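Asks: Sharing a model prediction with you, sequence too.
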Amino acid sequence: NLRNNKNIWKKIPSYKDFKEKIESEKSNNSELLNSNENIKENIEKLIDINEQRENKKEKHLNHIIIGEIVIIKPLVERIINSYENVYREKYSCVWNDNSSIKNEEQIKECEIYINEQKIDFNYYYKFPNKGSYIIKYIFKSPLTSTNFMFCDCQSLTSLDLSQFNIQNIINMRNMFTNCKSLKSINLSNFNTYNVKDMSNMFDGCKSLASLDLSNFNTSNVINMTNMFNNCKSLLTLNISNFNTKNVINMISMFSNCRSLTSLNLSNLNTGKVTHMGFMFFDCSSLISLDLTSFITKNVIDMTHIFDGCKSLISLNLSTFITNNVINLSHMFYDCYSLTQLNLPNFNTQKVHTMEYMFYGCKSLIFLDLSNFNFNKVKNIGYMFDECISLICLELPDFNFQNIKNKDKIFSGCNSMILKIINNFN
């Protein structure tokens, strides 16, 4: 999925485009290019890589695998300095970050040791064999960002960062993204007090079975989007000490954590959160979920939040305040083990769409939606489709004719008795 994710990886232009660009730059900036042999060498490498890609008819090139060890992560970037308008290939076994020249300078100042042997600085290192390596970075100035640091290290199986001093780090976005072979990671001494962004931090760590983040200080974190997305093998996750008082975005935070059977979220403070869409999407093994501590007064999007939670038997959302929510589509989609659903405080006065909201809730017998407000709702298509066990449904009085999409709202509800509060036209 990362190969096609436009928000993370940039498309590499075709060989033809680069060749034309390079020829143009050679004529317009010949003096500049001649004075900088490193840029010339990187450009030639880029030509070779893109030529190979053209021959193989590949549209994208996000990483190169040598000896089954991912060691090069090319990223084409525009240099925003005296080399303006010159393109180059940027290799990195450290991280890919083209957003900050300051961060790049910090990397260049560091000393790199591989198995205690110092190497000349470069953006990549060709490992001779598949195996285990000790990589040491000594930075001369405080490091402020580790985003994308180990991103796409697909053959990495273990990682010990217990000696890594990160007290000045403010950005950990995508730090371990797509480390799909990673089975053990030591973050026991991480001081995350200053970190503001943890989005996509463990996204795609498909082999991690357990993760203990009880030592994390998240009091200043604002963004936790996709933080544990696609951690498909995760059986235990300890975030019991998370302080999320400043978090605004929790979209897809636990999405696709298909092996988790329980999750302790009692300490999560969601008072500032505005987006919860896909938060527990496809957590298909979750049996129970206690969200009574959740504060949802500022949330505007809950679309797909429990979509695919196929093992949930009951869900108490009595504390959910939905006064500002606009989208409830697919909220309980395919929650086919749910027998009880408590939604007494749902205020839907601002909601525009409820399509597929209860689709496939095949075990629900009774559903009381008498407090729902349909005044602004335009789409309720397939809302109760395939609720085959639903016997009693309570709805408020509302003008059915104002709703544009009413496709198959009761399809498959063959046992249902519809109870309308007041007068339903």
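Replies: Received the coordinates, thanks. Numbering: from 1, shown residues only.
Asks: low-confidence ranges in this protein?
Replies: The chain contains residues with pLDDT under 70 at 1-109, 121-126, 418-425.
Asks: now the helices for it?
Replies: Applying DSSP state H to the chain gives helices spanning 15-28, 30-34, 37-56, 101-109.
Asks: right, and M253 touches M227 too?
Replies: Yes: between M253 and M227 there is a contact at 5.2 Å, judged by Cβ atoms under 8 Å. Every C-beta, even on glycine, is put in place using the N, C-alpha and C of the backbone.
Asks: can you tell me how far D120 sits from I138?
Replies: With distances taken as Cβ to Cβ, to the nearest Å, D120 is found 14 Å from I138.
Asks: So for those two, which sits in the more crowded spot?
Replies: Neighbours per residue, other Cβ atoms under 10 Å: of D120 and I138, the larger number sits with I138, 10 against 6.
Asks: Which strand residues bridge the more buried one?
Replies: Here I138 sits in beta bridges with E111, going by DSSP bridges.
Asks: Just confirm it contacts E111, I think it does.
Replies: Yes: if you go by Cβ under 8 Å, I138 and E111 touch, sitting 4.3 Å apart.
Asks: OK, contacts around L213?
Replies: Taking Cβ atoms under 8 Å, 6 or more residues apart in numbering as the criterion, L213 is in contact with L187, L237, N238, I239, F242.
Asks: okay if I get those as TSV plus neighbour count?
Replies: Formatted as TSV, the contacts of L213 follow (neighbours: other Cβ atoms under 10 Å):
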residue	neighbour count
L187	18
L237	20
N238	14
I239	22
F242	21
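Asks: Could you tell me which of those residues belong to strands?
Replies: Judged by DSSP state E, strands contain the following of the contacts of L213: L237, N238.
Asks: would you list the contacts of L213 in JSON lines and tack on distance to L328?
Replies: Formatted as JSON lines, the contacts of L213 follow (distance: Cβ to Cβ, whole Å):
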{"residue": "L187", "distance to L328": "36"}
{"residue": "L237", "distance to L328": "27"}
{"residue": "N238", "distance to L328": "31"}
{"residue": "I239", "distance to L328": "26"}
{"residue": "F242", "distance to L328": "26"}
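Asks: which one of the contacts of L213 sits closest to N220?
Replies: For those, the residue nearest N220 by Cβ to Cβ is F242; the value is 12.1 Å.
Asks: Next, the closest one: phi, psi?
Replies: Torsion angles at F242 (phi, psi; degrees, to the nearest 10) stand at phi -60, psi 130.
Asks: Identify the residue spatially nearest to it, adjacent ones excluded.
Replies: T218 (5.1 Å; Cβ to Cβ, 6 or more residues apart in numbering).
Asks: go on, N298?
Replies: Spatial nearest neighbour of N298, chain neighbours left out: T274 (5.4 Å); criterion: Cβ to Cβ, 6+ apart.
Asks: Give me the neighbour count for that neighbour.
Replies: Residues lying near T274 (other Cβ under 10 Å) number 16.
Asks: ok, now K180?
Replies: Neighbour count of K180, defined by other Cβ under 10 Å: 19.
Asks: Could you do S285 as well?
Replies: Look at S285: counted by other Cβ under 10 Å, it has 16 neighbours.
Asks: doesn't L263 make contact with it?
Replies: No: because the distance of 10.4 Å does not satisfy Cβ under 8 Å, S285 is recorded as not touching L263.
Asks: ok, back up a step: quick one: the residue nearest to F242 and M250 touch, right?
Replies: No: checked against Cβ under 8 Å, the pair T218 and M250 is beyond contact range at 11.9 Å.
Asks: shared neighbours, the two?
Replies: M224, T244.
Asks: Y356: what's it in contact with?
Replies: Each residue near Y356 by Cβ under 8 Å, 6+ apart is listed here: S329, H330, Y333, G381, Y382, M383, D385.
Asks: among those, which are in strands?
Replies: Among the contacts of Y356, no residue falls in strands (DSSP E).
Asks: Now flag whichever of those residues is closest to D203.
Replies: Closest approach between these and D203, by Cβ to Cβ: H330, at 21.3 Å.
Asks: List the contacts of the residue nearest to N298.
Replies: Contact analysis of T274 by Cβ under 8 Å, 6+ apart lists I248, N249, N298, V299, I300, D301.
Asks: ok, those residues vs N171, which is closest?
Replies: The closest of these to N171 turns out to be N249 (Cβ to Cβ; 14.6 Å).
Asks: hang on, that closest one packs against H275?
Replies: Yes: if you go by Cβ under 8 Å, N249 and H275 touch, sitting 5.0 Å apart.
Asks: what residues are shared contacts of the two?
Replies: Residues touching both N249 and H275 (Cβ under 8 Å, 6+ apart) are T225.
Asks: CA atoms of stretch 211-219 as CSV?
Replies: Output of stretch 211-219 as CSV, limited to C-alpha atoms (Å, rounded to 0.1, in the frame of the first residue of the first chain):
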residue,chain,number,x,y,z
LEU,A,211,4.5,-3.5,22.0
ASP,A,212,5.0,-2.0,25.4
LEU,A,213,4.9,1.8,25.3
SER,A,214,4.0,2.3,29.0
ASN,A,215,7.1,4.6,29.4
PHE,A,216,6.0,7.0,26.6
ASN,A,217,5.2,10.5,27.6
THR,A,218,2.7,11.7,25.0
SER,A,219,1.4,14.8,26.8
